[in-house]
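**Q** Build me a model:
(2 chains)
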Amino acid sequence: MTDTGQTNVLVLILATAVTAGTPILYAALGELLTERSGVINLGVEGMMLIGAVSGFMTAVVFKNPWAGVAAALLAGGAVALIHAFLTITLRTNQVVSGLALTIFGTGLSGYLGKSFIGLPLPVPFTSRPLGMLSEIPFFGPVFFNHDPLVYLTYLLVPALWVFIYKMRPGMHLRALGENPSAADSLGVKVFLSRYMYVVAGGMLAGVGGAYLSLAYAPSWLENMTAGRGWIAVALVIFALWNPLRAMVGAYIFGGIDALGLRLQVLGVMIPSFFLQMMPYIFTILVLVVVLGKNRSARTGSPGALGIPFDREER
Amino acid sequence: MGESIKVKLVEMRGITKRFPGVLANDSVDFSVEPGEIHALLGENGSGKSTLMSILAGQYRPDGGVMLVKGKEISFRSPRDAIKSGIGMVHQHFKLVDNFTVTENIILGDDRTPFFCRLDSLSAKISRLGEEYGLTVDPGARIDQLSVGEKQRVEILKMLYRGSDLLVMDEPTAVLTPQESEELFANLKKFAAAGRSVVLITHKLNEVLSAADRVTVLRGGRTAAVLGREEITESKLARLMVGRDIDPVKNDSKDFAGETVLELQGVGAMKDVGRQGLRNITFSVKRGQIFGIAGVAGNGQKELAEAVTGLRWVHSGRIRINDKDITNLSPRVIADLGVSFVPEDRLGMGLVPGLGIVDNLILKRYRKAPVAGRYLIDYKKAGQEAERLVKEFDVKVADFRSPVSLLSGGNLQRLLLAREISENPSLIVVVYPVRGLDVGATEAVHSILLELRRKGTAILLVSEDLEEIIKLCDRVGVMYEGEIAGILPGGDIRPEEIGLLMMGSGISREGA
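**A** Numbering: from 1, shown residues only, chains lettered A, B, ... in the order given. Model (predicted):
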């Protein structure tokens, strides 16, 4: 452990970027699936909070972090099911429903977690170096010295990429978001599929939240997602609905988060409020740049995003 | 006599379908033999699309039986119909724009392997296309294709699924005459190969040139079934409309008054930032109908919007009665005597949720007598509306109920009433008879000819060549944002316009 040398500081910052990016990545992957099927879910923030609190509570009770993950999956999926029912079956405005669920999730998680505030988690996820891989110079400590939930994204991201672009159900998913009536006329089950993808998206958002309360900062704090759900929504646009780009984007956001922490530790004289602001400023900048560049062509955005499907309508 | 030997491919007996307040199909019989092209002829609202939607599994009938190859069946969804070998090509294509041709064709098909091997599937689709003369690049994205190519993809989609029967819903509505001819040649090839085609149409010449048999529907009932040798144009027209129609004609003497509309080198962008109009130059005189022909999407919409002030013009000048109106606001242009009947009657021309009176005063609520000192004088507005409704023969039950409940023909009359009541010196009319039946079409045409007689200049955008030839004194053909040629009215041949519509050929005469 040579604590001089800039490489080590860089490695530390990058390693933190990966862990700080992981909750955003989970939520963004979920949102990506949901939006690919043609539904916008602005309830991500609320679903992350519900996932965080239910994951934490379950992990405390069962003394097992994986039980927490399972609970977060269920809770996130359950809230997403409300969104699916409102927007797919009742065809309400997707933006309104999503916003309502974020407010609902914030309130409910605060209420449920009241007696758990400040409690330490007895069994948090801990870093497990991944054998030989963790000994690769530079890359080893940056990518392969983390907890299992981080490793899981290394499998999930390429798997989703293959699913979306190379597999038959993935092709149906893309068609759902682009032109559901074309998909419907060829026998793709539009309603059922959209339900599935909205619920799957909510489950991933739940896990993203649980990552915060079980691994990143193992405890429960009211509103602990601090806007990461919104960053995830923006990230999907930055990623042009592609999981690989979402991963890169999540780590950039994580890096900015991590940089803020590091700079404080190193005693750089920048007000801490400014540093905390950076991820959000960056989000705005990213949206301006990405949307500005693609304004004319609207590349990537699913054509039927936000439009409820109705077979009778022409 | 052959019926005992040959099993009919499809037989529908006594099909009845009710929609709230409408009996769309009233005990209709319909059958298709293997290897025939069968035209289903009828006006809008005669029930032909409903009948075929039942055959394609989209609607379920309220009564009657269907047999496919002699076996009774009932379809729950389009998927069931496809499995029985019945494929429908809809008028509005159901294609995913940013997918490739191959992806669109294999979408939703059970035989596609879990991991799509697009290369081998593309090769298969290429072979299928060659077999039927439907050449299209399997790797091309749909939004790069022309309308004719998109239609080929739709047909291939059904052939790929092994359809024995192709139902084509008004297939020539979006095609140039040459593309239509090619389509019919291909359809004849299918028929020769033993497959069958149902051609839904309201164009008599298509029936005459392509059909082996025709079923005429009128008012939801079968009016007649005729074999090839019995088909004549006048007979079909009478069966379809139920009476003899007396088509209006342009008396074709050019008023040649002073110039009302003049465009000089006008250029404008499309919505998505590409060039929409290039160097457009022409003029329209008093009492002249100037037709704009062309395949939809070649700049007609942009042209109409540029003239009415709805689209920014980045080069050139537009003049109305010698006054430069380039890039003035739509209201100023309207006040200078330009009326507009847009393509989208109900969305853009009228406010669907408002009643007749409100819709009729949309342009005059600022002026006397409708405008009072502070409030709208609804009594005067109501009287005015009643006068117009009577004059233009709009059939209404209630002046307050939303206009979205009116039929297409009545909507168009209402819209024309509002625009004409402004006494315009120029009226821009876009696709005025799209979706209207024969009777309503004749009414709209006679209104336009009456206006012409009164000396109004008319800019008529149309994709219907018959309409163009019938009404116009001059015709400009648009191709990719340019005027490909201007033809004088009177002796225009459709092929001539057709060539210009595809960007080839030269104009016979300058502007």
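
**Q** low-scoring stretches of the chain, by residue?
**A** In the absence of a named chain, chain A is used. A:1-5, A:293-300, A:311-314 (pLDDT under 70).

**Q** Chain B, not that one
**A** Looking at chain B by pLDDT under 70, you get B:1-6, B:21, B:243-256, B:272-273, B:504-511.

**Q** Close to chain A: what parts of it are there?
**A** B:77-79, B:82, B:90, B:92, B:94-99, B:103-104, B:106-109, B:112-116, B:157, B:272-273 (C-beta under 8 Å from any C-beta of the partner chain). For the C-beta atoms, the positions are set from N, CA and C on the backbone; glycine is no exception.

**Q** Filter those down to the buried ones.
**A** Buried members of the residues of chain B next to chain A, scored by 16 or more other C-beta atoms under 10 Å in any protein chain shown, are B:77-79, B:82, B:90, B:94-99, B:103-104, B:106-108, B:112, B:116, B:157.

**Q** Which ones among these map onto helices?
**A** B:Pro78, B:Arg79, B:Ile82, B:Glu103, B:Asn104, B:Ile106, B:Lys157 (DSSP state H).

**Q** which residues touch the first one?
**A** It stands for B:Pro78. By C-beta atoms under 8 Å, 6 or more residues apart in numbering or on different chains, the residues touching B:Pro78 are A:Asp184, A:Ser185, A:Leu186, A:Gly187, B:Ala56, B:Gly57, B:Gln58, B:Met88.

**Q** Mind doing that once more with 10 Å?
**A** Counting by C-beta atoms under 10 Å, 6 or more residues apart in numbering or on different chains, B:Pro78 makes contact with A:184-187, A:311, B:53, B:56-58, B:86-88, B:94, B:108.

**Q** so where do the helices sit in chain A?
**A** Under DSSP H, chain A gives helices at A:6-36, A:44-62, A:65-84, A:94-112, A:139-143, A:148-166, A:168-178, A:180-185, A:190-211, A:228-238, A:243-265, A:272-294.

**Q** Give the closest residue to A:Gln264 in space, chain neighbours not counted.
**A** A:Ser272 (5.9 Å; C-beta to C-beta, 6 or more residues apart in numbering or on different chains).

**Q** thought that neighbour was touching A:Gly260?
**A** Yes. When contacts are counted by C-beta atoms under 10 Å, A:Ser272 is listed as touching A:Gly260 (8.0 Å).

**Q** How is B:Met168 assigned, secondary-structure-wise?
**A** strand (DSSP: H, G, I helix; E, B strand; the rest coil).

**Q** what are the bridge partners for it, then?
**A** B:Val89, B:Leu199 (DSSP bridges).

**Q** That one - how many residues pack around it?
**A** For B:Met168, the neighbour count with other C-beta atoms under 10 Å in any protein chain shown is 25.

**Q** For B:Ile37, see how far away it is.
**A** 10 Å (C-beta to C-beta, to the nearest Å).

**Q** Mutual contacts of the two, please.
**A** B:Leu187, B:Val197, B:Val198, B:Leu199.

**Q** For the last one, list the residues it contacts.
**A** Shown here is B:Leu199, whose contacts under the criterion C-beta under 10 Å, 6+ apart are B:37-41, B:166-172, B:183-184, B:187, B:206-207, B:210-211, B:214.

**Q** how long is stretch B:54-70 end to end?
**A** 18 Å (C-alpha to C-alpha, to the nearest Å).

**Q** If you could redo that for stretch B:326-337, that was the one I meant.
**A** End-to-end for stretch B:326-337, by C-alpha to C-alpha: 15 Å.

**Q** same question, stretch B:295-306
**A** 19 Å.

**Q** Over to stretch A:208-226?
**A** OK, stretch A:208-226 end separation, C-alpha to C-alpha: 13 Å.

**Q** okay if I get the shared contacts of B:Met168 and B:Ile37 as a markdown table plus distance to A:Arg91?
**A** Listed next are the shared contacts of B:Met168 and B:Ile37 as a markdown table, based on distance: C-beta to C-beta, whole Å:
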| residue | distance to A:Arg91 |
| --- | --- |
| B:Leu187 | 39 |
| B:Val197 | 37 |
| B:Val198 | 34 |
| B:Leu199 | 36 |
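
**Q** Would you map the strands across the stretch 201-350 of chain B?
**A** B:213-218, B:221-227, B:259-269, B:275-285, B:289-293, B:313-320, B:323-324, B:338-341 (DSSP state E, counting those that start in this stretch).

**Q** For the last one, name the packing helices and strands.
**A** In this case it means strand B:338-341. helix B:300-307, helix B:330-335, helix B:408-420, strand B:426-430, helix B:438-453, strand B:457-461 (3 or more C-beta pairs under 10 Å, 6 or more residues apart in numbering or on different chains; DSSP states H and E).

**Q** Equivalent analysis for the third one, please.
**A** Strand B:259-269 makes packing contacts with strand B:275-285, helix B:300-307, strand B:313-320, strand B:426-430, strand B:457-461 when contacts are defined by 3+ C-beta pairs under 10 Å, 6+ apart.

**Q** hmm, try it at 6 Å
**A** Helices and strands touching strand B:259-269, as assessed by 3 or more C-beta pairs under 6 Å, 6 or more residues apart in numbering or on different chains; DSSP states H and E, comprise strand B:275-285, helix B:300-307, strand B:313-320.

**Q** So which residues make contact with that strand?
**A** B:276-286, B:302, B:306, B:311, B:313-319, B:425-426, B:457 (C-beta atoms under 6 Å, 6 or more residues apart in numbering or on different chains).

**Q** Most tightly packed of the strands of the stretch 201-350 of chain B?
**A** Mean neighbour count (mean count of other C-beta atoms under 10 Å in any protein chain shown) peaks for strand B:289-293 among the strands of the stretch 201-350 of chain B, with a mean of 27.

**Q** which neighbours does it have in its sheet, and in what orientation?
**A** strand B:457-461 (parallel), strand B:474-479 (parallel).

**Q** Among the ones you listed, show me which one is buried the most.
**A** Highest mean neighbour count among the strands paired with strand B:289-293 (mean count of other C-beta under 10 Å): strand B:457-461, a mean of 26.
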